[in-house]
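*Asks:* whatever this is, show me its structure:
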Amino acid sequence: FVTADSIIDGADDTQGWNRFSYVKGNPINTKDPTGHEGSKSEYKSLESAPINVIGSRNPSPSNSDRAWAFGKGLLTGAVIGGVLGFVGGVALGGLSVVASPAIALAVGIGLLGFGIYAIGSEIHTLLKGEENGRKIGELETYERSGNLIGSTLSGGIGAKFGFKWGASKVAKLRMGTPETSPGNSPATGEAGGSGASGANSRFSQIPKSSELRSWAKEQGYEKLSHENGIETWGVKGKNGEKGDWMLKLKEPSKYEDIHPDSKKYRFSARSESGSYLDPTTGKTGTKAEYGHMPLDPD
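*Replies:* Numbering: from 1, shown residues only. Down below sits the predicted model:
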């Protein structure tokens, strides 16, 4: 800046007459390796130049720079992917209850296909090392790779938990179980007796096994076992531990010295608080009240 260029390259541009300026005031598209006159840069624009991380042009990043870029991308991707996955899972879970599992499955397959396409496109871009004519720098590659891994893993986990939570919450809202208490109607919370006035229309007068299985799935329960004539649904335990049962479909007992009700098809259900539950009305009570309810094995 203190030495004038030896060549006046102002034939086509008046900026060239100022021999003390650097490359005619355009250092983005022009370079001056000799100090005499400017020449075109190998990159057409700033956007086409290699960038490591947005705003950084470090040509030789250290291992700590690479680790920071990857960790930053991993954390960002995990947060965004987890939130979006959970929200999408809640929507699909609710849709499976409000509409049908088939519709939810179709929508889920569509979203999965879009996700696979997006992941494939990002992998292709990173392997190519170029995006829209712009070379991708090393640190940007590390950051975007971490983002891809974090969002993919956390998105899948978030979707799984979101689906169960959404299906359970929507089913309970439809049933009215969170607002009920013994003697209250599941729909209004007002006092109501047994029979048609307090019954849920989704169940037959004597609940069928298929109806109760569908109800259990909507609550997010899984089939735990089927042994000794008892089919058990509930929440699986962690690390191989025994899960908590929430529904039992029971065949007639073969034992002679047993309560007469146990010699019939029957079922028992529980609420999350542990109280015995009548799914047809949403009422909760004791084992004596709801421990042996009649069942149609259909």
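
*Asks:* for the rest of this, base every contact and every neighbour count on C-alpha atoms.
*Replies:* OK.

*Asks:* number of residues surrounding residue 243?
*Replies:* Residues contacting residue 243 under the criterion other Cα atoms under 10 Å number 14.

*Asks:* typo on my end, it should be residue 76
*Replies:* 19.

*Asks:* isn't it up against residue 148?
*Replies:* No: applying Cα atoms under 8 Å as the test, residue 76 and residue 148 come out as separate, 9.6 Å apart.

*Asks:* got the CA coordinates for stretch 113-126 in CSV?
*Replies:* Included here for stretch 113-126 are C-alpha records, laid out as CSV according to Å, rounded to 0.1, in the frame of the first residue of the first chain:
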residue,chain,number,x,y,z
GLY,A,113,-38.4,-42.0,2.6
PHE,A,114,-37.9,-38.3,2.6
GLY,A,115,-35.4,-38.6,5.5
ILE,A,116,-33.4,-41.3,3.7
TYR,A,117,-33.3,-39.1,0.6
ALA,A,118,-32.1,-36.1,2.6
ILE,A,119,-29.4,-38.2,4.4
GLY,A,120,-28.3,-39.7,1.1
SER,A,121,-28.0,-36.2,-0.5
GLU,A,122,-25.9,-34.9,2.4
ILE,A,123,-23.6,-37.9,2.3
HIS,A,124,-23.2,-37.5,-1.5
THR,A,125,-22.4,-33.8,-1.0
LEU,A,126,-19.8,-34.5,1.7
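
*Asks:* what's the helix or strand harbouring residue 88 packed up against?
*Replies:* Taking DSSP states H and E as the criterion, residue 88 maps to helix 63-98. Packing contacts for helix 63-98, counted by 3 or more Cα pairs under 8 Å, 6 or more residues apart in numbering; DSSP states H and E, involve helix 101-128, helix 138-175.

*Asks:* middle-most residue in the chain, spatially?
*Replies:* Nearest to the geometric centre of the chain sits residue 85, at 2.0 Å (Cα atoms, centre = their mean).

*Asks:* for that one, give me its contacts.
*Replies:* Listed by Cα atoms under 8 Å, 6 or more residues apart in numbering, the contact set of residue 85 reads 154-159, 162.

*Asks:* for residue 72, see how far away it is.
*Replies:* 20 Å (Cα to Cα, to the nearest Å).

*Asks:* before we move on, what about residue 147?
*Replies:* In terms of Cα to Cα, residue 147 sits 8 Å off from residue 72.

*Asks:* with neighbour numbers in mind, choose between the two.
*Replies:* Set side by side, residue 147 and residue 72 show unequal neighbour counts under other Cα under 10 Å, the larger going to residue 147 at 24 against 18.

*Asks:* what is the neighbour count of the residue nearest to residue 229 when sequence neighbours are not counted?
*Replies:* Closest residue to residue 229 apart from its sequence neighbours, by Cα to Cα, 6 or more residues apart in numbering: residue 251 at 5.2 Å. Residue 251: 18 surrounding residues under other Cα under 10 Å.

*Asks:* then the one 5 residues further on?
*Replies:* Using other Cα under 10 Å, residue 256 has 9 other residues around it.
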